[in-house]
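>>> give me coordinates for this.
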Amino acid sequence: MHRHVILLSALFSIFPARAETGPVGERAAIIQSIVKELNTSYIDAEKARKLEPVLRRADFGKSDSEEAFAESVTAMMRDVTKDPHLRLLYSAEPAPGSTNAKPAPSLAQRQARMREENYGIERVERLPGNIGYLKTRFFAPAADSGPAIGAAMTLLANTDALIIDLRENGGGTTDAVPLLASYFFDKRTHIADLYTREGNVIEQQWTSPAVPGSRFSADKEVYILTSKETFSAAEGLAFALKGLKRAIIVGETTRGGAHPSLIKPINARLALMVPNSTARDPVTLKDWEGVGVAPDVAVPAAEALTRAQILILDKLRARKQEPRVQADIRKRLEELGPAS
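Below you'll find the predicted structure:
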């Protein structure tokens, strides 16, 4: 859930390539640099201490390329920590700033790419029964995505309930979480704390009293769809809204990555993605690292959208007495089929 994950492919792309094995001394120096970064920055100091002797004793002689070496180190680190954010990255192209490196994409180029991908917003729709539906694939930085989020939420403001589909959302920037969460509360609300190990810093995340576009009334229900692929910042939104009892989670337990990360260059072609902080509940001080966010209503991800609509329509049928509305709801429930 690190701040630069959206732009990672632009800054440090991974391409399949093979390189001659470097000398043992060179790899030992790389491991030394990795250990130093882990001991300085990795969010879990105890796991960093456990990793150090494992990495130093490891025999990477079977890794016949830099790419294979990076994969072996990654597998070893994850085996010890169970942390899906922790990774040694390999690039066939020299990293920006290195000799013969290609120029890094400009800010304008990165923003153009986000615009082309509509800031991660894939669908905004009013479903039958006056149910709002918002599907996102990633969370772009709040400063960039704010107007698009505001436009989407304005279109959905008059629906009777809202479904946010995060089943294919792999995360993004942490500041997108309070941005989207701000639409669902009538008063300023403390939703999370970001703790950074380096410097022992705690940054509080609060909803904003002002949002682009229209707010979604706090007396209307929000449902969040999740899958085993829901990750990082997307999990952060589900975790926060579930903990505050502002959303009902439908689907599968999420992947379990609560540690925002930084990219630390190791050499011209290797960089360490190191989780340096954690997003946690400000009251319980717990996060979802390694365990994921469990659904309130557990169903296979493929069935989550149907189940959420049935749950909403059953509640609307009990509230809305107009014959026409009742007929429309019955028709839609028949189309969706029986609840499983």
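>>> Arg126 belongs to a helix, doesn't it?
No: with DSSP: H, G, I helix; E, B strand; the rest coil as the criterion, Arg126 is located in strand rather than a helix.
>>> in the sheet, who's paired with it?
According to DSSP bridges, the partner residues bridging Arg126 are Gly132.
>>> next one: Leu225
With DSSP bridges as the rule, Leu225 is bridged to Asp165, Val250.
>>> residues touching it, list them.
163-167, 250-251, 301, 304-305, 308 (CB atoms under 8 Å, 6 or more residues apart in numbering). The way it works is simple: take the backbone N, C-alpha and C, and place the C-beta from them, glycine included.
>>> same question for Thr74.
So Thr74 contacts 86-88 (CB under 8 Å, 6+ apart).
>>> redo that, cut-off 7 Å
Residues near Thr74 by CB atoms under 7 Å, 6 or more residues apart in numbering: 87-88.
>>> that one: which element?
helix 66-81 (DSSP states H and E).
>>> does Gly171 touch Ala233 like I think?
Yes: here Gly171 reaches Ala233: they are 4.3 Å apart, a contact under CB atoms under 7 Å.
>>> which of the two has more neighbours?
Each of Gly171 and Ala233 has its neighbours counted (other CB atoms under 10 Å); Ala233 has more, 30 against 25.
>>> now tell me what touches stretch 28-47 from outside.
Against stretch 28-47 from outside (CB under 7 Å, 6+ apart): 48, 51-52, 55-56, 73, 80-81, 88, 197-198, 259, 262, 264, 266-267, 270, 272, 274-278.
>>> quick check: phi and psi on the residue most central in space within the chain?
By CA atoms, centre = their mean, the chain has its centre lying nearest to Gly171, at 2.1 Å. Here is the backbone geometry of Gly171 (degrees, to the nearest 10): phi 110, psi -160.
>>> which non-adjacent residue is nearest it?
With sequence-adjacent residues excluded and distances taken as CB to CB, 6 or more residues apart in numbering, Gly171 is closest to Ser232, at 2.7 Å.
>>> next, format the contacts of Leu225 as TSV and append distance to Gln32.
Output for the contacts of Leu225, formatted as TSV (distance: CB to CB, whole Å):
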residue	distance to Gln32
Ile163	49
Ile164	44
Asp165	44
Leu166	39
Arg167	41
Val250	47
Gly251	43
Ala301	42
Ala304	46
Leu305	49
Ala308	50
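>>> ok, so of the residues you listed, who is nearest Val211?
Ile164 (15.2 Å; CB to CB).
>>> show me what contacts that closest one?
So Ile164 contacts 134, 222, 224 (CB under 7 Å, 6+ apart).
>>> filter those down to the buried ones.
For the contacts of Ile164, a neighbour count by 16 or more other CB atoms under 10 Å gives the buried set as 134, 222, 224.
>>> list the contacts of the first one.
Residues counted as contacts of Leu134 (CB under 7 Å, 6+ apart) are 124, 152, 156, 162, 164-165.
>>> equivalent analysis for the last one, please.
Taking CB under 7 Å, 6+ apart as the criterion, Ile224 is in contact with 164, 166, 238, 241, 247, 249.
>>> swap in 10 Å and give it another go.
Going by CB atoms under 10 Å, 6 or more residues apart in numbering, Ile224 touches 162-167, 230, 234, 237-239, 241-242, 246-251, 254, 293, 295-296, 304, 308.
>>> shaky segments in the stretch 1-150 of the chain?
Along the stretch 1-150 of the chain, segments meeting pLDDT under 70 span 1-24, 95-105.
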